[in-house]
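> When you get a sec, could you give me coordinates for this:
(chains A and B)
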Amino acid sequence: EAQVTQNPRYLITVTGKKLTVTCSQNMNHEYMSWYRQDPGLGLRQIYYSMNVEVTDKGDVPEGYKVSRKEKRNFPLILESPSPNQTSLYFCASSFEGFKGYTFGSGTRLTVV
Amino acid sequence: AQTVTQSQPEMSVQEAETVTLSCTYDTSESDYYLFWYKQPPSRQMILVIRQEAYKQQNATENRFSVNFQKAAKSFSLKISDSQLGDAAMYFCAYRSASSNDYKLSFGAGTTVTVRA
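Predicted coordinates:
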């Protein structure tokens, strides 16, 4: 089944403790992206990647890192999480022909 | 940056009736894509319908249809014969047709409640 797989689905952590949210897609898509969803703000782009070893900032990149060492994987790294990073996170992938996204199932992150 | 505005935070509809969700956007581009995504309580993001700006004809997918008014920069979603399973948050989104920019810009969302 074609899909984007995110893990974990839920995560509670403490301020300052490094964490990684994994994202993997099995559709050979070139483009991958991370979004965060907050009430009243919709989804906002954090980082994106046009292909392996090519990443760039989105609208809200502060406090986040990403890497794209393989085409299928695009992990989101929070080096020192803070409470304002409590949010619902989505990974998504796409290719030019589709002109839309396939989303992962989301990660609910709580930083206390 | 493109701005997408959904002015209705919440909408309620009786089962089997019709509801229309509004969306406006701001862009200086002439070629772009517009989307409606559905997010049920499971929080999965599900593509409902897509519209290409160069196409005059409004997109339709079963009970879902759009009213695309390019000059007015308006992209409303009509849900006909509403069903209980249509209850969800709906997001309008914009994407530039530029091959260098796959970014989706989202509105704040509209929560749809379906009354039995």
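> On the three-state scheme, the most centrally placed residue in chain B is what?
In chain B, the residue lying closest to the centroid (Cα atoms, centre = their mean) is B:Trp36, at 3.1 Å. Applying DSSP: H, G, I helix; E, B strand; the rest coil to B:Trp36 yields a three-state assignment of strand.
> per-residue confidence for the closest residue to it other than its chain neighbours?
By the measure of Cβ to Cβ, 6 or more residues apart in numbering or on different chains, the closest residue to B:Trp36 outside its immediate chain neighbours is B:Val48, 4.4 Å from it. Any C-beta I mention is one placed from the backbone N, CA and C, and that applies to glycine too. pLDDT, B:Val48: 96.
> The host helix or strand of B:Val48: which residues count as buried?
Assigned by DSSP states H and E, B:Val48 falls within strand B:46-52. For strand B:46-52, a neighbour-count test (16 or more other Cβ atoms under 10 Å in any protein chain shown) marks B:47-51 as buried.
> Same check on stretch B:23-42?
By 16+ other Cβ under 10 Å, the buried positions in stretch B:23-42 come out as B:23-25, B:27, B:32-39.
> Please apply the same query to stretch B:70-80.
For stretch B:70-80, using 16+ other Cβ under 10 Å, the buried residues are B:73, B:75-77, B:79.
> ok, now stretch A:50-60?
A:50, A:55, A:58, A:60.
> In contact with the second one: list those residues for me.
The neighbours of A:Thr55, taking Cβ atoms under 8 Å, 6 or more residues apart in numbering or on different chains as the test, are A:47-49, A:66-68.
> Please, which helix or strand holds the residue lying closest to it once chain neighbours are set aside?
In this structure, A:Thr55 finds its nearest non-sequential neighbour in A:Ser49, 4.6 Å apart by Cβ to Cβ, 6+ apart. Per DSSP H and E: A:Ser49 is located in strand A:42-51.
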